[in-house]
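Novice: Predicted model and sequence follow; I will ask about them next.
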Amino acid sequence: MRLIVNGKLRELDEDDHGAIPLPEMLKRFEIDPRLVAVAINGDVIPKHDFAAARVHEGDAVEIVRMVGGGA
Amino acid sequence: MRLIVNGKLRELDEDDHGAIPLPEMLKRFEIDPRLVAVAINGDVIPKHDFAAARVHEGDAVEIVRMVGGGA
Amino acid sequence: MRLIVNGKLRELDEDDHGAIPLPEMLKRFEIDPRLVAVAINGDVIPKHDFAAARVHEGDAVEIVRMVGGGA
Amino acid sequence: MRLIVNGKLRELDEDDHGAIPLPEMLKRFEIDPRLVAVAINGDVIPKHDFAAARVHEGDAVEIVRMVGGGA
Amino acid sequence: MSDLLTVAGKEFSSRLFLGTGKYASPEQTVAAIEASGTQLVTVAIRRLDLDNPNARTELDYIDWSRHSVLPNTAGCKTVDEALLTARLGRSVTGSTWVKLEVIPDPKYLLPDPIGTLRAAEQLLSEGFVVLPYIHADPVLAKHLEEAGCATVMPLGSAIGSGQGILTLHEIKIIIENANVPVVVDAGIGAPSDAALAMEIGADAVLINTAVAKAQDPVLMAGAMKKAVEAGREAYLAGRIAAKPFASASSPVEGVAVIAKSGA
Amino acid sequence: MSDLLTVAGKEFSSRLFLGTGKYASPEQTVAAIEASGTQLVTVAIRRLDLDNPNARTELDYIDWSRHSVLPNTAGCKTVDEALLTARLGRSVTGSTWVKLEVIPDPKYLLPDPIGTLRAAEQLLSEGFVVLPYIHADPVLAKHLEEAGCATVMPLGSAIGSGQGILTLHEIKIIIENANVPVVVDAGIGAPSDAALAMEIGADAVLINTAVAKAQDPVLMAGAMKKAVEAGREAYLAGRIAAKPFASASSPVEGVAVIAKSGA
Amino acid sequence: MSDLLTVAGKEFSSRLFLGTGKYASPEQTVAAIEASGTQLVTVAIRRLDLDNPNARTELDYIDWSRHSVLPNTAGCKTVDEALLTARLGRSVTGSTWVKLEVIPDPKYLLPDPIGTLRAAEQLLSEGFVVLPYIHADPVLAKHLEEAGCATVMPLGSAIGSGQGILTLHEIKIIIENANVPVVVDAGIGAPSDAALAMEIGADAVLINTAVAKAQDPVLMAGAMKKAVEAGREAYLAGRIAAKPFASASSPVEGVAVIAKSGA
Amino acid sequence: MSDLLTVAGKEFSSRLFLGTGKYASPEQTVAAIEASGTQLVTVAIRRLDLDNPNARTELDYIDWSRHSVLPNTAGCKTVDEALLTARLGRSVTGSTWVKLEVIPDPKYLLPDPIGTLRAAEQLLSEGFVVLPYIHADPVLAKHLEEAGCATVMPLGSAIGSGQGILTLHEIKIIIENANVPVVVDAGIGAPSDAALAMEIGADAVLINTAVAKAQDPVLMAGAMKKAVEAGREAYLAGRIAAKPFASASSPVEGVAVIAKSGA
């Protein structure tokens, strides 16, 4: 499955439903879900919906964290 | 006929159609049409439409001129 | 004996030598010598010379203290 | 005869009195007297005294003109 | 030197726009306009006094063949008031130009950035030539330029306050970014303020109170004319950069020194 | 309007004094002097080049029948150097006027208050008309006035720095107290600076670098002329006071309002 | 003295908000935060580096039990970008607070008044506590307050420029009119700037670059803490009014005079 | 951090010198001195009231074991008056230190550069430690330093005027050139002024009116203490340079973007 993650094309093996659960995707990237926020195709996924969320072929995914910054 | 002209109630004799042509109204107030602009119920009447314009019972009429001013 | 003390004429009984010791003069004004400085005819009298100093007829005496002030 | 003129050592043939009239000195330098002021050993020579003024061995002579300047 | 200002296709040799309010008399108004050399004068639009409909005003004394008129929307607190006054102004003056002011605040007379942009967009769609009065906000200025305004008119300080160009820094940025003429409006109190505005590259200034309320308005009008020209010429002439140190303007070498005879 | 400046009995219709240093060419010097309208030009006194004693300088191109000359003591670090240069200047120019400068510091070219007063007292005793260049120190200015100086010439900022009138506050006090003309000297970088100096009541300004080193000195000279006149006229015309609040320049009453038919 | 700042119901004893960008090291960041005494620190929201997803940042070193977090939308040029970043920030920080920045211009980083108001209205409808970064435009500030923003955060000068409070006059007007806390954001370069902002009645200041890029950020953080407290206390203590004249601070009468013997 | 100021061999950990005039009560004087943390307080020398020779003054309430005394010559218009008052001050206080003021002008209380130097030279020859109050004239400051004065004390603006540091530019030059401590005296109106003076490198500030006439002098004294420390620490910490442009304090890269499904 091809995804655009943080602006870059990524290839991931999809499950038999042609999708990947969000927690699974984060796991494959070795990302700690507690430290990030995720938007799929521009929609921010609430933390409590992570478990139910899935990514599909061609989805644009943004995974962010907080960093030092002022203005 | 009662009009609100520049915020004040004015009584004018109407013609048999229950209206007054704008030029007639201006004439009664001794106003030189060339020096003023007129809005009836919030709509500005173009100069070339003065002749055809009429005021009716209860109309709100604004008659303005230019005065010294900067900002 | 007439003196000008801080700009005002003062009458004091002189001793038999036509003069008054400075400590005596300060005593008569009930002034604590430790709190003041004294100039006689424009010359400042050092504290250690108070005992030996004398005022004479017509002397101009300045007696000052410190007060609150900045500039 | 040696002179210090504007800070530089200059050799000039002296007359038989061991001196040189100022106008003569200026002439030798091809200087128009009307355009300059002269000081000999720190003393400014008034224009009307140029004719009578003489320079002697070892004199320090300043010859100046006006130039563009503001401050 | 030919150095014309072009606003919406109209050329001006004078870069001083003058308001016509607050003068002591019509004669004074006219004399000040003459002394200022202005070619564009602003006017306000107000209700006719029905009890005295033919009273003459200072404006009846102006030679309109030599001065263009710029009706304003002064006094309008809302977008709707400004739209109505702009349309009335166009009708009475016959000019499509409007000095757009949307000013909710009576104490500092500061313009509303949101309302001004909205009103500008509407008036532009109706064919007006819009010259908006704005706070010296470079991003707002860019929005108005992109909307199609003929100029931007940032304030130097509060209208009529005479505090000068308190917004110098922001106005420099507006000028740096602008593709339309920048007219410094409001706050100018003295010729030095007008000259400064022009020196930093403003295309024109608009002045009213500083002239009208001077002790001698006509003399001040002439002074402002010279100041605007001086500032513009300085901008074209290229001023020296300010330096933290001194730089002698007389030769450093060749000072005469005192020396006594070496004899 | 007749508004003459009188210095030591000599009348000037131009209140702009111009320096003659730092120009690119003699032609430029002359053209700038013409454009400025100045009637008093400063010159420096320097050693003649004995190897080229008849070289012409920019000054040979000036029409001295129309401009008074003001020799200066620029470059003098001590009282003695200033006295010698002043006397040489009097001899070479034939003028008893001297712009007195005693400047020990080469970096900021700031004048020595002690040395300047001492030199002024000596030169006055020798019959000179002394125009001292000073820091904007009101008490020093009063000392020099009382000594008999023809003017006081406080600095706006460092010579040639173009930083403008950093000493505005002190110069206002000097003007308030002075019984001789106050000439703002040094620091003026642009016409707005010159206008400001005149607006606060200075009697004249002296400019050199801001004109000579502008990209177009002749155009800048004309700009400075207009600015000095504008500032002087504004001073005479009586500027408005700066106010913390706004003051509308259009009538507050009578704005048209939107009302729908009451029918 | 109990003098708490309340923003959206949350109380702060420190009136210094600190940014966390541009420090040389995480240790320095933490030390500066400690020295500043701040209780509210801003953070940015950025893409995770997928090639290094568990890299620690300075923020991992902060004791979040003692400092509230304020995610910002820095870097967002449009309303949509700001909305997405705000929502992501809420998700990752768990805070509903957002320092709203809509900044189209990269050179001066000046905020967009139109876009900022639009984004604020949307975020407020989604339950955010919005602290908008704005130009010092009093009318815009009032719009944002009326929309329901928790504060207004006018700029003193360009972000990171260290030019100080160039907008002093406008900020005074904003403070005079505001019913929400006014936080001076951007431009503070030194403690004197921070003190000045507080003296005129600002409720707090936000600082980042002036601390992070000082040669000794930790020492500067402590200096800023003292300056903010000094300015606040001065505001409460009631400073003297500035007067154009002097006023002796020692008694005028009673100076000793020289007098010789009258004998 | 050990950062001591040394004046004439005496060390001070506090860089705030405080005047003792104009307070509402002795209690307030003492409380303000305590709150300020000052170690050097100025006093004036005045004639004793012979009709009430033992009246206590605020000074009787000060713990002189913890504060050094600096008698001044305030009120002296001439050199002779200043010499007499200095000598009387030394006799009554037992201190050889003197804050030298020679002030002929009552309206602006500006010091006399000529008289101050003359008086300083005489007092130095008599063994005084002289701290002269001067106009911010760098050349005069250098004269006084070379004469042997322990400090120079340039004014920020007129005594008691609270106008702040109007002479910032000149004071920077004085500091750049000085080999003795520079104490900014007079004009400070608020903590931001005190901080600014310290930030540019002043060694100390002297304040009286801004504290004594504040609505709450004790609170203001504490604010001034913090401001002086903040300014000093900022000077040591190395402030950022002011830049004309912005500089983002959040990362420029990595902002999240909106993208719809490519499916």
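Specialist: Good, I have the coordinates.

Novice: Would you give the sheet partners of the longest strand seen in chain A, along with the direction of each?
Specialist: As assigned by DSSP state E, the longest strand anywhere in chain A is strand A:60-68. Here strand A:60-68 has these sheet partners by DSSP bridges: strand A:2-5 (parallel), strand A:37-40 (antiparallel), strand G:40-47 (antiparallel).

Novice: can I get the ones you listed in TSV with mean pLDDT and mean neighbour count?
Specialist: The way it works is simple: take the backbone N, C-alpha and C, and place the C-beta from them, glycine included. Listed next are the strands paired with strand A:60-68 as TSV, based on pLDDT from 0 to 100; neighbours: other C-beta atoms under 10 Å in any protein chain shown:
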stretch	mean pLDDT	mean neighbour count
strand A:2-5	90	18
strand A:37-40	94	25
strand G:40-47	93	27
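
Novice: can you redo the ones you listed as a markdown table with distance to G:Ile258?
Specialist: Shown next, in a markdown table, are the strands paired with strand A:60-68 (distance: least, C-beta to C-beta, whole Å):
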| stretch | distance to G:Ile258 |
| --- | --- |
| strand A:2-5 | 91 |
| strand A:37-40 | 83 |
| strand G:40-47 | 64 |
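
Novice: Tell me if I am right that E:Ala194 is in a strand.
Specialist: No. Under the criterion used here (DSSP: H, G, I helix; E, B strand; the rest coil), E:Ala194 is helix, not part of a strand.

Novice: ok now do it, which residues does it touch?
Specialist: E:16, E:188, E:205, E:207, E:224, E:227-228, E:231 (C-beta atoms under 8 Å, 6 or more residues apart in numbering or on different chains).

Novice: Try it again at 10 Å.
Specialist: E:15-16, E:156, E:164-165, E:184, E:188, E:202, E:204-207, E:210, E:223-232, F:191-192, F:195, F:230, F:234 (C-beta atoms under 10 Å, 6 or more residues apart in numbering or on different chains).

Novice: do the same with A:Ala39
Specialist: Contacts for A:Ala39 (C-beta under 10 Å, 6+ apart) come out as A:45, A:60-64, G:84-85, G:87-88, G:91, H:256-259.

Novice: For H:His135, see how far away E:Ala230 is.
Specialist: From E:Ala230 across to H:His135, the span is 32 Å (C-beta to C-beta, to the nearest Å).

Novice: remind me which residues of chain E are low pLDDT?
Specialist: Scanning chain E for pLDDT under 70 picks out E:1, E:259-263.

Novice: Quick check: buried residues in stretch E:16-33?
Specialist: Going by neighbour count (16 or more other C-beta atoms under 10 Å in any protein chain shown), the buried part of stretch E:16-33 is E:16-23, E:26, E:28-33.

Novice: Could you list which of those residues belong to helices?
Specialist: The helices, defined by DSSP state H, take in E:26, E:28-33 from the buried residues of stretch E:16-33.

Novice: the strands in chain A, which residues?
Specialist: Remark: strands assigned in chain A by DSSP E are A:2-5, A:8-11, A:19-21, A:37-40, A:43-45, A:54-56, A:60-68.

Novice: what does the stretch 151-263 of chain E give?
Specialist: Along the stretch 151-263 of chain E, counting by DSSP state E, counting those that start in this stretch, strands occupy E:153-154, E:183-185, E:204-207.

Novice: Adding distance to chain H and mean neighbour count, write those out as CSV.
Specialist: Shown next, in CSV, are those (distance: least, C-beta to the nearest C-beta, whole Å; neighbours: other C-beta atoms under 10 Å in any protein chain shown):
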stretch, distance to chain H, mean neighbour count
strand E:153-154, 18, 29
strand E:183-185, 20, 29
strand E:204-207, 24, 29
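
Novice: Nearest to chain C, out of those strands?
Specialist: Comparing the strands of the stretch 151-263 of chain E against chain C with C-beta to the nearest C-beta, the closest turns out to be strand E:183-185 (41.9 Å).

Novice: now check the closest one, is it near chain G?
Specialist: No. Using C-beta under 10 Å from any C-beta of the partner chain, strand E:183-185 never reaches chain G; the gap is at least 15.6 Å.

Novice: and that strand, what does it pack onto?
Specialist: In terms of contacts (3 or more C-beta pairs under 10 Å, 6 or more residues apart in numbering or on different chains; DSSP states H and E), strand E:183-185 is packed against strand E:16-19, strand E:129-134, strand E:153-154, helix E:168-177, helix E:191-199, strand E:204-207.

Novice: Pretty sure A:Asp13 sits against A:Arg28.
Specialist: Yes. Using C-beta atoms under 10 Å, A:Asp13 is in contact with A:Arg28, at 8.7 Å.

Novice: Of these two, which one has the most company?
Specialist: Using other C-beta atoms under 10 Å in any protein chain shown, the more surrounded residue of A:Asp13 and A:Arg28 is A:Arg28, with 12 against 7.

Novice: quick one, what contacts that one?
Specialist: Listed by C-beta under 10 Å, 6+ apart, the contact partners of A:Arg28 are A:10, A:12-13, A:20.

Novice: Find the nearest non-adjacent residue to A:Lys47, please.
Specialist: G:Ser91 (6.2 Å; C-beta to C-beta, 6 or more residues apart in numbering or on different chains).

Novice: Contact partners for E:Val218?
Specialist: E:Val218 touches E:23, E:27-36, E:211, F:237, counting by C-beta under 10 Å, 6+ apart.

Novice: From the contacts of A:Arg28, keep the buried residues only.
Specialist: A:12, A:20.

Novice: got JSON lines for the contacts of A:Arg28, with distance to E:Val152 and pLDDT too?
Specialist: Putting the contacts of A:Arg28 into JSON lines (distance: C-beta to C-beta, whole Å; pLDDT from 0 to 100) gives the following:
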{"residue": "A:Arg10", "distance to E:Val152": "47", "pLDDT": "89"}
{"residue": "A:Leu12", "distance to E:Val152": "52", "pLDDT": "83"}
{"residue": "A:Asp13", "distance to E:Val152": "57", "pLDDT": "81"}
{"residue": "A:Ile20", "distance to E:Val152": "52", "pLDDT": "89"}
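
Novice: of the contacts of A:Arg28, closest to chain E?
Specialist: Nearest to chain E, judged by C-beta to the nearest C-beta, of these is A:Arg10 at 36.9 Å.

Novice: before we move on, the earlier item: touching both of A:Asp13 and A:Arg28, which residues are there?
Specialist: Joint contacts of A:Asp13 and A:Arg28 (C-beta under 10 Å, 6+ apart) are A:Ile20.

Novice: residues near the residue of chain A found nearest chain B, how many?
Specialist: Proximity of chain A to chain B (C-beta to the nearest C-beta) peaks at A:Ala71, 33.9 Å away. Using other C-beta under 10 Å, A:Ala71 has 31 other residues around it.

Novice: That one contacts G:Val43, correct?
Specialist: No. A:Ala71 is not in contact with G:Val43 according to C-beta under 10 Å; the separation is 11.3 Å.

Novice: Pull up the overlap in contacts between those two.
Specialist: By C-beta under 10 Å, 6+ apart, the residues touching both A:Ala71 and G:Val43 are G:19, G:21, G:72, G:74, G:99, H:250.

Novice: quick one: the helices in chain E?
Specialist: E:26-36, E:79-93, E:113-125, E:138-147, E:168-177, E:191-199, E:209-212, E:217-237.

Novice: still on that earlier bit, could I get the strands of chain A in CSV, plus columns for distance to F:Leu219?
Specialist: Formatted as CSV, the strands of chain A follow (distance: least, C-beta to C-beta, whole Å):
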stretch, distance to F:Leu219
strand A:2-5, 59
strand A:8-11, 57
strand A:19-21, 72
strand A:37-40, 59
strand A:43-45, 60
strand A:54-56, 68
strand A:60-68, 51
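
Novice: so which of these comes closest to H:Leu110?
Specialist: Ranking the strands of chain A by proximity to H:Leu110 (C-beta to C-beta) places strand A:60-68 first, at 50.6 Å.

Novice: What mean pLDDT does that closest one get?
Specialist: Averaged over strand A:60-68, pLDDT sits at 92.

Novice: And stretch E:136-147, how far out from the chain middle?
Specialist: 17 Å (C-alpha atoms, centre = their mean, to the nearest Å).
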